[in-house]
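**Student:** below are the sequence and a predicted model; questions follow.
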Amino acid sequence: MLVLADTTVLIDYLRNAPSAERVERLLGRGDVVCTTAINVEEIVRGLRSSERDVATRLVTGLVIVPLGAREGWQAGDWRRHFGTHGTTLSQADCLIAAAALSADAVLATGNPKDFPMLEVTVEHWPVGR
């Protein structure tokens, strides 16, 4: 199974909180954990100075799912569709969801409400302590 870890899950992993054990179980059974460049940027932006080395090792070990024109188009379609129905979605979340869809990955997140797209399989991974 391919699991695209959203920023909430990756930060939880960095801080050895609930997602850490779940990620380790996935890796132990041979599943692949991936993310996007957007998530990497979000992690780096919020890093505590003591987390830099651990974050570097984490990001180096992840598969980074590419974003291209297809994902951009899909993200734009979702933003337009949901926007016309009164729901504003972030550009970043739509691109992350589009990457998960393109990669046929399950999207693991602590914020499933941010990903209402029916085409994407979203798993709620409660985060924090």
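**Tutor:** In hand now; what should we look at? Residues are numbered from 1 along each chain as shown.

**Student:** what is the helix or strand of the chain with the lowest mean pLDDT packed up against?
**Tutor:** In the chain, no helix or strand scores lower on mean pLDDT, DSSP states H and E than helix 18-28, which sits at a mean of 84. If contacts are counted by 3 or more C-beta pairs under 8 Å, 6 or more residues apart in numbering; DSSP states H and E, helix 18-28 sits against strand 2-5, helix 7-14, strand 32-35. Every C-beta, even on glycine, is put in place using the N, C-alpha and C of the backbone.

**Student:** mean pLDDT, mean neighbour count and distance to residue 79 added to the ones you listed, as CSV?
**Tutor:** Shown next, in CSV, are the helices and strands packed on helix 18-28 (pLDDT from 0 to 100; neighbours: other C-beta atoms under 10 Å; distance: least, C-beta to C-beta, whole Å):
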stretch, mean pLDDT, mean neighbour count, distance to residue 79
strand 2-5, 96, 24, 19
helix 7-14, 92, 24, 19
strand 32-35, 94, 20, 21
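
**Student:** so which of these comes closest to residue 52?
**Tutor:** Nearest to residue 52 among the helices and strands packed on helix 18-28 is helix 7-14; the distance by C-beta to C-beta comes to 10.1 Å.

**Student:** now the angle from that closest one to helix 18-28?
**Tutor:** For helix 7-14 against helix 18-28, the angle by axes from the mean of the first three to the mean of the last three C-alpha atoms, to 10 degrees is 90 degrees.

**Student:** convert the C-alpha atoms of helix 7-14 to CSV, please.
**Tutor:** As requested, C-alpha coordinates have been extracted for helix 7-14 and formatted as CSV (Å, rounded to 0.1, in the frame of the first residue of the first chain):
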residue,chain,number,x,y,z
THR,A,7,2.0,17.5,7.2
THR,A,8,0.0,16.8,10.4
VAL,A,9,1.1,13.1,10.3
LEU,A,10,4.7,14.0,9.5
ILE,A,11,4.9,16.5,12.3
ASP,A,12,3.4,14.0,14.7
TYR,A,13,6.0,11.5,13.5
LEU,A,14,8.8,14.0,14.2
